[in-house]
Each structure stands twice: as C-alpha cells, then as structure tokens.
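Q: 3D model of this:
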Amino acid sequence: MLLAISLGSAHAQILPQPQAQGSNIPQGSPVSDPSQGTTGTRRNDTTTDTTPAVTGERLEAVEVDGQTSQNDRNDTNRTTTDRVERNPRLKPLPPPNEFERFVERTAGRKLPRFGSDLLLPSNRDYATPATATVPSSYILNVGDKIQIGMTGSIEGSVQREIDTNGRIFLPKVGSIRLAGTRYGDLKETISRAIGLKYRNFTVNVGIDDLRGVRVYVTGFANNPGAYTVNSLSTMVNAVLAAGGPAAGGSFRSVKLYRNNELVSDFDLYQMLLRGDRSGDATLQNEDVLFIPPVGQQIAVTGSVNNEAIFEIKPGETLDQVLGYAGGTNSLADQSRLLLYRLANYDTIGAKQIDRAQAASTAAADGDIVQILSSGSLQRSVLRQSVVVRIEGEVNAPGNYYVPANTPLSEVLARAGGLTSRAYVYGTRYERVSEQRAQGEAFDQAIQQLEISLEASPLTADSAINTGDLAAQRASGRAVLERLRAIKPDGRLVLDITPETVALPGEFLLENNDRIVVPPRPITVGVFGAVYRPASFVLSDARGNRVEDYVERAGGALRAADRKEIFVVRANGDVVSRRRGAMKAQVLPGDVVFVPIKTQASSVWSKIRDISTIAFQFGIAAATVVALTR
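A: Residues are numbered from 1 along each chain as shown. Sure thing, here's the model as predicted:
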C-alpha cells in the first residue's frame with residue numbers, strides 16, 4: 001500500500017492508494033503544488049514557481065555524489081539557459097590597428113592578430129552555454145532554480161527557486177536553506193530535511209536554471225559595458241560576450257576585480273596556445289573585468305605554422321615568439337631568419353640572424369620576423385636526378401631513375417629500344433614543367449575570351465535581336481566552362497618527321513617526364529561539322545588527301561566553316577587550310593576538324609578560335625571533338 005499525506009482537515013490522515021497508481025499527487029506532500037490553496041501551505045513572495053501540475057510520472061533515480069549529477073539530458077537542458085543583455089548597438093569586429101596596417105604595407109599581405117579568430121559573431125552573441133554540466137563543486141545561491149523529484153512512499157516532482165533569504169519552501173517540511181550549499185551536497189541536504197517527516201522515499205535533484213550574474217567589462221574591450229551571464233560563466237565567457245579586446249586591447253592580460261581587489265590576471269595566450277584555463281576564474285555578481293591596452297607587438301611571417309601578429313611581454317625572445325607561431329614548418333630554412341627592426345622610428349632594415357641566436361635575441365616592439373622557405377625553391381635542372389616513365393612500343397616499359405643531365409638515348413637503351421611496331425612520329429612526350437606553363441597561359445587565354453564574350457553587347461550587330469544575342473552568349477559561356485574544366489597535358493611537340501625511326505637521343509630529361517611511343521595507327525579521324533564524323537581506315541585506293549577523307553565523311557555541312565578546316569598531326573602539329581591542309585597528304589593518326597561557321601558580328605565570333613587555342617596548349621583532339629557535340 002502506498003501512503004500519502006493529505007491536508008484536507010486540520011489533522012493529517014492516512015489515505016489508502018493503489019500501489020500502481022501515480023497520477024494523483026496527494027495534497028500536502030513535499031512535492032504537491034502549493035498553488036492549489038491547501039491548508040498549511042504558504043509561498044514566499046520572492047519565489048516564482050512556474051511548475052505545471054505534477055502528473056505523478058516516476059523519475060529515474062540518479063545519484064548525486066560529487067562524481068555524477070542528474071541525468072545528462074536534464075543537465076544539458078538546464079545549462080543552456082544563458083541570459084544576456086544584448087546591446088542593439090554592438091560594434092562590429094575591431095578594425096586593424098596601426099601596427100597591423102604597417103605590417104600589411106611592409107610584408108605585402110595582411111596578417112591577423114593572434115587570437116582574433118575567437119571574436120566570431122557566434123561567440124559574441126554568447127549563444128553557447130558556459131559549460132555542458134553543473135559541476136559538483138558549484139555553490140548554490142539566490143536565483144538558482146532547483147528541480148526535486150520523489151519516488152517511493154511519495155511521488156512527483158517540483159521546481160523551486162532559491163529566494164532572497166537563500167531558502168526554498170516545501171509543504172509539510174518547511175524552509176530549507178540552500179544558499180552556500182555545494183551542488184554535490186544538494187541531494188543529501190534535501191533528503192535530510194524531508195526525512196524528518198517521511199520515510200521510504202528516494203530523492204532526485206538537479207538544477208533547472210542558473211541564476212544570472214551581473215558583471216562589468218571595462219577598459220579596452222570592443223564593447224565595454226554591463227553584461228548578465230549565468231553563474232557558471234568565466235572570465236573568457238564575459239570577454240567574448242563583450243566582443244573581445246578592441247584593436248588597442250591586450251590579449252595577454254584580463255584582470256578580474258572583486259570588491260576592489262585583484263582576483264585574477266588571466267593571459268588569453270595560456271588558453272589559446274596551451275589549453276590552460278587555470279587562471280580563468282568563475283564570475284560572481286558585480287565582478288569587474290578590465291582589459292588593459294595592448295602591449296608590444298611583433299609580426300611573424302613566412303614558413304611558420306601560423307603567420308600572425310603576436311603580443312609579447314618584456315624580456316621574451318625571438319625564439320619564444322616563433323613558438324607562439326607554432327614553430328617553423330617542414331619547408332622552412334632552419335639555419336636563419338630575417339629580422340626587420342625599426343630604426344630611428346622612420347626606417348626599417350633587415351638583419352639576418354642565425355637560428356641559434358634567436359633564443360638569446362630579445363624581441364622588440366614593432367619587429368617583423370620572416371622565416372625563409374628552402375623546400376619550395378625551384379632547383380636547377382642541372383642538379384636534379386630524375387625519374388622517367390617510358391611506355392608503349394619499347395621492349396621494357398617502366399619507370400627509370402637516372403642522374404641529372406641524362407639524355408633520352410640512355411633511357412631508351414635501358415628500356416631495350418623500340419619495337420618493330422613503334423610509330424616514332426606519334427610519340428607523346430609530356431613534361432610537368434611544361435604542363436604548369438601551359439596551364440597558366442591557357443588560363444590567361446580563357447580569361448581574354450571571357451572578357452570578349454562579356455563585351456559582346458558593345459560590339460554586336462544591331463540587327464541581332466536581344467533574344468538571339470542572349471542565347472549566343474549563353475552558348476559561348478557553356479563552351480568556356482567546359483574548356484575551363486580541361487587542363488593542358490604538358491605535351492611537347494618533337495621536331496621529327498613522319499619518316500623518323502628514332503627518337504632524338506640528345507634530348508635531356510627532366511623529373512617526371514612521361515614518354516609514350518604508340519603503335520603505328522591505321523586510321524584518320526574526321527570530326528566536326530560533317531555529315532558522318534568517324535575514324536576511317538587508311539586506303540590508298542580511295543585517295544589519300546585530306547579533302548578525300550572529308551568527302552568520305554559526307555562532306556561539310558552547310559553550317560560548316562570550310563575556310564577554317566584544320567588537321568592535327570599525330571606529333572601534335574596543326575595544319576590549317578590556309579597552309580594547304582585540304583590538299584595535304586593524310587598521315588596515320590591525323591585528325592581532321594571541320595568547325596562551325598560563325599557570323600563575324602555574332603557573339604560566336606568571340607570564341608571562333610577556341611579550338612585552335614586548345615590545340616596550341618597540348619589539349620587532345622578528342623577534347624575539341626567533345627566540346628562541339
């Protein structure tokens with residue numbers, strides 16, 4: 001039988017209750033709602049009870065013994081209520097100070113102040129909770145809302161806020177003083193008080209809402225003023241709520257004053273560089289935080305892990321400042337550094353310092369330290385040992401490691417020489433350095449074409465209506481986008497003839513060169529604006545001129561630009577019609593391309609030479625074919 005206490009009369013009486021029933025909370029029990037007006041209940045005028053009628057739902061008992069707290073879900077919910085007085089006139093993030101602008105002019109690029117990435121809008125809005133859970137060492141005080149759950153002989157839950165006298169009130173139990181109690185001791189304190197009236201029960205406790213703490217952020221803060229944060233907030237939380245240090249504020253010192261006495265002087269670098277928050281004190285009501293002016297500043301740039309402007313303290317060395325920058329990276333010159341130091345306050349001069357001296361060289365206000373890079377330097381090809389890949393029609397294809405200044409003939413010898421089916425004229429020779437150079441030039445060509453395309457309304461024929469002009473521009477942009485996605489292959493066009501039977505042996509190799517010797521092809525491709533684009537088997541019986549194979553493809557379409565037909569040879573050469581392409585003899589591996597005719601006044605005239613440009617930068621014929629489909 002479940003026992004419950006009722007205050008329906010002047011004397012308490014025992015009412016029988018079904019064992020399984022828990023939906024009705026007996027009036028007068030410690031967890032009954034005193035707002036029901038039962039005899040013997042009272043409310044403190046300073047207490048606000050927002051708990052709805054209790055449904056008698058059984059709560060899971062979780063021990064609070066200094067190691068664990070109420071269940072994780074409740075703890076997470078109760079700590080996410082952060083009350084902040086938001087100023088609609090919040091200043092934006094601090095602008096660069098004079099030294100930051102000086103570094104930008106001297107170093108040629110902008111460097112941020114170390115720690116400025118903390119000053120994000122999300123952090124300034126103070127939307128995140130100060131902590132995920134309430135620690136057992138937390139001291140309860142006025143304004144904290146306590147959640148009490150009961151199981152056993154009495155069931156239900158109730159929420160109480162600690163009043164200005166530091167107490168909560170429970171019916172039939174009376175006032176319980178909680179101000180100054182550790183959160184880890186809260187369960188024992190509540191259980192002891194209720195145990196004076198009841199037996200055979202279990203208490204679960206937690207904090208539903210933390211009290212507000214009013215603090216003042218002063219000095220060189222980006223948004224100085226008064227802020228209300230929750231009682232678990234620390235110095236860092238309040239500084240972030242104020243937008244962090246201003247352009248002239250210090251990251252190396254945040255002073256906390258309580259009752260006009262200095263409580264803590266926290267260096268934000270301790271947290272940012274070492275994760276040390278030992279000096280990050282928890283705030284109390286009416287605390288004052290003061291951000292002093294910025295101290296000496298020094299910039300570190302070059303091959304370090306974190307280029308930035310750092311604030312230093314007196315006596316710190318260049319080596320310590322490099323430590324703030326995360327040290328040098330793997331490509332840095334480990335033997336020296338360059339120091340730019342102000343002289344006579346109007347000039348700046350560079351001085352080379354050995355790395356060993358950096359530990360004994362004091363940093364000075366306004367210094368700029370540059371770490372040079374050695375690993376990213378482009379080395380002379382005369383000193384580079386190389387790895388060459390040769391494949392195709394050679395007797396021993398593979399990757400070959402050779403010393404610097406090795407000619408192609410030696411690698412060919414190692415590869416066992418060419419096979420009987422080798423088509424030397426069609427050899428593809430690809431080089432990484434040429435691929436980079438071609439890519440830069442190709443990107444510039446695409447940019448020029450894009451500018452011409454955008455300028456087409458200024459040069460277009462007035463007879464073309466707006467709709468046609470827009471459609472042409474859209475088509476042109478589509479072609480440019482497809483070209484932009486294609487990268488040059490770095491192919492070198494070797495100076496050889498179709499009759500050549502040996503590669504140029506004196507050709508010096510570079511690292512990562514790739515040589516592909518194909519078998520002799522037996523086809524000629526005809527693509528573009530013809531009736532039947534295809535690859536045709538070479539046949540002397542039907543004629544062996546380029547125009548003969550164009551006719552075999554059905555001839556040029558009416559939309560074809562017959563004057564701009566060109567041929568791409570197997571070695572990469574391009575032969576235009578103006579150079580007699582149509583009358584030229586076809587060679588194995590030739591690709592004949594018939595472009596589409598464009599009007600001189602249309603937008604398409606702006607990209608008429610795209611195909612030729614593509615071939616000039618080593619892009620395969622199949623690419624141009626794909627662009628025109």
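
Q: okay, now the domains of the chain?
A: Under the assignment automatic domain parsing, the domains of the chain span 25-83+132-209, 98-124+212-291, 300-371, 439-628.

Q: Please enumerate the strands of the stretch 201-350 of the chain.
A: Counting by DSSP state E, counting those that start in this stretch, residue ranges of the strands within the stretch 201-350 of the chain are 201-209, 212-219, 225-230, 254-258, 261-266, 288-291, 296-302, 308-312, 336-343, 347-354.

Q: Nearest to residue 399, out of the domains of the chain?
A: Taking C-beta to C-beta as the measure, those were each checked against residue 399, and domain 439-628 came out nearest at 9.6 Å. C-betas here are computed from N, CA, C, even on glycine.

Q: so how far is residue 329 from the nearest residue to residue 439 once chain neighbours are set aside?
A: Using C-beta to C-beta, 6 or more residues apart in numbering and skipping the chain neighbours, the partner closest in space to residue 439 is residue 488 (5.4 Å). As judged by C-beta to C-beta, to the nearest Å, residue 488 and residue 329 stand 30 Å apart.

Q: if you count what's nearby, which of these two comes out ahead?
A: The residue with more neighbours, out of residue 488 and residue 329, is residue 488; 23 against 15, by other C-beta atoms under 10 Å.

Q: Check the secondary structure at the more buried one for me.
A: Remark: residue 488 carries the secondary structure label coil [criterion: DSSP: H, G, I helix; E, B strand; the rest coil].

Q: okay, it: pLDDT?
A: According to the prediction, residue 488 has pLDDT 83.

Q: Let me know whether it touches residue 443 as I believe.
A: No: with contacts counted by C-beta atoms under 8 Å, residue 488 stays clear of residue 443, the gap being 9.6 Å.

Q: and the strands of the stretch 201-350 of the chain, which one's lowest on average pLDDT?
A: Summarising mean pLDDT across the strands of the stretch 201-350 of the chain, the least confident stretch is strand 347-354, with a mean of 79.

Q: Just the mean pLDDT for the helix of greatest length in the chain, thanks.
A: Taking DSSP state H as the criterion, the chain has its longest helix at helix 432-454. Confidence over helix 432-454 (mean pLDDT, whole number) is 82.

Q: Check which helices and strands it sits against.
A: With contacts defined as 3 or more C-beta pairs under 8 Å, 6 or more residues apart in numbering; DSSP states H and E, the secondary structure elements packing on helix 432-454 are helix 466-484, helix 610-616.

Q: repeat that for 7 Å
A: Secondary structure elements in contact with helix 432-454, counted by 3 or more C-beta pairs under 7 Å, 6 or more residues apart in numbering; DSSP states H and E, are helix 466-484.

Q: so residue 201 touches residue 148, yeah?
A: No: counting by C-beta atoms under 7 Å, residue 201 stays clear of residue 148, with 11.1 Å between them.

Q: Neighbour count for those two, which is higher?
A: In this comparison of residue 201 against residue 148, neighbours counted by other C-beta under 10 Å, the higher total goes to residue 148 at 25 against 17.

Q: and that one, that's in a strand?
A: Yes: residue state for residue 148 (three-state DSSP) corresponds to a strand.

Q: surely it meets residue 161?
A: No: assessed by C-beta under 7 Å, residue 148 is found out of contact with residue 161, at 11.9 Å.

Q: circling back: now the domains of the chain in TSV, with distance to residue 397?
A: Rendered in TSV, the data for the domains of the chain read as follows (distance: least, C-beta to C-beta, whole Å):
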stretch	distance to residue 397
domain 25-83+132-209	61
domain 98-124+212-291	46
domain 300-371	34
domain 439-628	9
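
Q: among those domains, which gets the worst mean confidence?
A: domain 25-83+132-209 (a mean of 67).

Q: Between the strands of the stretch 201-350 of the chain, which one is closest to residue 580.
A: Distance to residue 580, taken as C-beta to C-beta, is lowest for strand 296-302 among these, at 56.6 Å.

Q: elements contacting the closest one?
A: By 3+ C-beta pairs under 7 Å, 6+ apart, strand 296-302 packs against helix 98-107, strand 308-312, helix 318-324, strand 368-371.

Q: For residue 175, which of the ones you listed is the nearest?
A: Between the helices and strands packed on strand 296-302, strand 308-312 lies closest to residue 175; by C-beta to C-beta that is 52.1 Å.

Q: residues contacting the nearest residue to residue 113 once chain neighbours are set aside?
A: The spatially closest residue to residue 113, leaving aside those adjacent along the chain, is residue 309, at 4.9 Å (C-beta to C-beta, 6+ apart). With contacts taken as C-beta atoms under 7 Å, 6 or more residues apart in numbering, residue 309 has the following neighbours: 99, 100, 103, 111, 112, 113, 114, 297, 299.

Q: And the helices in the stretch 501-629 of the chain, which stretches?
A: Counting by DSSP state H, counting those that start in this stretch, residue ranges of the helices within the stretch 501-629 of the chain are 546-552, 610-616, 621-628.

Q: Among the contacts of residue 309, name the buried ones.
A: For these, a burial check counting by 16 or more other C-beta atoms under 10 Å picks out 99, 100, 103, 111, 113, 114, 297, 299.

Q: Just the mean pLDDT for stretch 396-403, thanks.
A: Throughout stretch 396-403, pLDDT has a mean value of 95.

Q: contact partners of that stretch?
A: Taking C-beta under 7 Å, 6+ apart as the criterion, the residues outside stretch 396-403 that touch it are 385-391, 410-411, 414-416, 509.

Q: Which of those fall within helices?
A: Secondary structure from DSSP H places 410, 411, 414 of the contacts of stretch 396-403 in helices.

Q: For those, pick the one with the most neighbours.
A: Tallying neighbours with other C-beta under 10 Å puts residue 411 at the head of the ones in helices among the contacts of stretch 396-403, with 23 neighbours.

Q: Leaving out the residues flanking it, which one is nearest to residue 220?
A: Ranked by C-beta to C-beta, 6+ apart and with sequence neighbours excluded, the top spatial neighbour of residue 220 is residue 249, at 3.3 Å.

Q: ok, the one you found - contacts?
A: 219, 220, 221, 291, 293, 294.

Q: need the strands of the stretch 201-350 of the chain in a markdown table with distance to residue 553, can you?
A: Listed next are the strands of the stretch 201-350 of the chain as a markdown table, based on distance: least, C-beta to C-beta, whole Å:
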| stretch | distance to residue 553 |
| --- | --- |
| strand 201-209 | 82 |
| strand 212-219 | 79 |
| strand 225-230 | 79 |
| strand 254-258 | 79 |
| strand 261-266 | 80 |
| strand 288-291 | 78 |
| strand 296-302 | 59 |
| strand 308-312 | 63 |
| strand 336-343 | 65 |
| strand 347-354 | 67 |
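
Q: For residue 582, which of these is the nearest?
A: If we rank the strands of the stretch 201-350 of the chain by C-beta to C-beta, the stretch that ends up nearest is strand 296-302, at 58.6 Å.

Q: in its sheet, what does that closest one sit against?
A: strand 308-312 (antiparallel), strand 368-371 (parallel) (DSSP bridges).

Q: No further queries at this time; thank you.
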